[in-house]
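[1] Sharing a model prediction with you, sequence too.
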Amino acid sequence: MAVRAFEPVDDARGKPKLQPGEAGEGAARLWLPLNALRAFEAVAERLSFTGAAAALHISQSALSRHVGRLEELIGCKLLERRPQGLVLTQAGAALLPVVSKSFDRIEATMETLRRKAGSGPRMLRVHMPPTFMNVSGLSLLREFRLSFPEVAIDLFSSNGIGLPPARGSDIAVVFDRPKLDDVVRDPLWMISQTPACAPEVAERCKGMDLAAFLKSNELLHTRLEGEPFGALWSAYARHFSVDIPPRSGLAFDSEALAVQWALAGNGIVLVDINMFAKEIAEGRLVTPFDATRLSGFGYYLAVHPDDMSDPAIALFRSWVIQRFARVSSSSPAAGTNLRP
């Protein structure tokens, strides 16, 4: 089903809204829980919380909360669980066609108005982390715009873990750990890391083991908001039982900047081997040790469920998912080029 919004015809007490010209004209409408009404429609049409949650791309617990709040507002049960399955109550059966028809009317009217509006481009606000944007994102957007020039892009970036600080984006690529919440997250790829450096640094350190290599070179860090200094290097060292100075080296705002510093022959960077496969394949960046680990972080495409029905957001989301399908459907491997 489409995710839609509507303006109701009845208030919470079941009394018809006053029509223009009747007493009380201009009175404020009752606050309406649109998400709850949408959740109720999805469950009532399928008589399944599981199916409705999958259709709306939200968790079953969130869906149950929405329906429960709607029942509290109305003051009666809309759905009942019986041995044979979920059934509509008399109140639920009365409400469902009103909700569905109202959604359909609003959707049809909005579509008519959109077509009449004509030529104005849709502006899509897209967030990307700095490294993703500089290494992959700009090429990705260029390719998207060649295919869909009618969709204008407003691109912005912020450095941190998870969603941008404020909900200023229509859709976002985020750097984050795996998690479950009310945001729809499509995994693009999980990050595998290994120490990397310029060829001259690797040549100078030939014959060293991993511990000696790390201790004899400056460590380059990527700063992560909300995480302690050197968090990625510390986790890597623990995994391979290597001691490293806890606060040594330089910290950068993005992995892309740290890699640029390393390419100039300065220090060692803990590199995402898939993101920087091109530099590794060309020999400009060397990974001297077969010591790669999953970092616990990944890149995800995140969108709020309320926005899933927006045609531009749906188009961008499906296009990006298809673009990275070969990456997200296989385990990360060195040499996998994530660049468009």
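    Arrived safely, thanks for sending.
[2] hey, where'd the helices end up in the stretch 1-150 of the chain?
    All helices of the stretch 1-150 of the chain, identified by DSSP state H, counting those that start in this stretch, fall at 34-46, 49-56, 60-74, 90-117, 130-132, 138-147.
[3] I'd assumed residue 275 was in contact with residue 136.
    Yes - here residue 136 reaches residue 275: they are 7.1 Å apart, a contact under Cβ atoms under 8 Å. Where you see a C-beta, it was placed from the backbone N, CA and C, and this is true even at glycine.
[4] With mean neighbour count, mean pLDDT and distance to residue 206 as extra columns, can I get the helices of the stretch 1-150 of the chain in a markdown table?
    As requested, the helices of the stretch 1-150 of the chain are arranged in a markdown table below (neighbours: other Cβ atoms under 10 Å; pLDDT from 0 to 100; distance: least, Cβ to Cβ, whole Å):
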| stretch | mean neighbour count | mean pLDDT | distance to residue 206 |
| --- | --- | --- | --- |
| helix 34-46 | 22 | 91 | 61 |
| helix 49-56 | 18 | 86 | 54 |
| helix 60-74 | 17 | 92 | 55 |
| helix 90-117 | 14 | 81 | 64 |
| helix 130-132 | 23 | 93 | 29 |
| helix 138-147 | 14 | 93 | 35 |
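[5] For residue 156, see how far away residue 130 is.
    11 Å (Cβ to Cβ, to the nearest Å).
[6] ok, residue 201 - contacts?
    Counting by Cβ atoms under 8 Å, 6 or more residues apart in numbering, residue 201 makes contact with 217, 262, 265, 267-268, 286.
[7] Pull out the buried residues from those.
    Using 16 or more other Cβ atoms under 10 Å as the burial test, those include 217, 262, 267-268, 286 as buried.
[8] From these, pick the one nearest residue 172.
    Checking the buried ones among the contacts of residue 201 against residue 172 with Cβ to Cβ, the nearest one is residue 262 at 27.9 Å.
[9] Now the phi/psi pair for the closest one, please.
    Main-chain dihedrals, residue 262, degrees, to the nearest 10: phi -70, psi -40.
[10] Nearest spatial neighbour of it, chain-adjacent residues omitted?
    Nearest in space to residue 262, with sequence neighbours left out and distances taken as Cβ to Cβ, 6 or more residues apart in numbering, is residue 269 at 4.2 Å.
[11] The one you found against residue 220, yeah?
    Yes - with contact defined as Cβ under 8 Å, residue 269 counts as touching residue 220 (4.4 Å).
[12] related to what we said a few turns ago, compare residue 136 and residue 275 (neighbour count), which wins?
    The neighbour comparison of residue 136 against residue 275 (other Cβ atoms under 10 Å) goes to residue 275, with 25 against 22.
[13] where do the contact lists of residue 269 and residue 220 overlap?
    Common neighbours of residue 269 and residue 220, counting by Cβ under 8 Å, 6+ apart, are 258, 261-262.
[14] Quick check: residue 236 vs residue 213, distance?
    13 Å.
[15] per-residue pLDDT, the residue nearest to residue 262?
    At residue 269, the model reports a pLDDT of 96.
[16] Give the pairing partners of the helix or strand containing it; include direction for each.
    Assigned by DSSP states H and E, residue 269 belongs to strand 268-272. Its sheet considered, strand 268-272 pairs with strand 184-196 (antiparallel), strand 219-222 (parallel) by DSSP bridges.
[17] right, and the ones you listed - which one's nearest residue 299?
    That would be strand 184-196 among the strands paired with strand 268-272, by Cβ to Cβ, at 4.4 Å.
[18] how about the closest one: buried residues?
    Applying 16+ other Cβ under 10 Å to strand 184-196 flags 184-186, 188-196 as buried.
[19] any chance of these in CSV, with pLDDT and distance to residue 177 too?
    Formatted as CSV, the buried residues of strand 184-196 follow (pLDDT from 0 to 100; distance: Cβ to Cβ, whole Å):
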residue, pLDDT, distance to residue 177
184, 91, 16
185, 92, 11
186, 93, 15
188, 92, 14
189, 90, 14
190, 92, 10
191, 94, 10
192, 94, 15
193, 96, 14
194, 96, 19
195, 97, 22
196, 97, 23
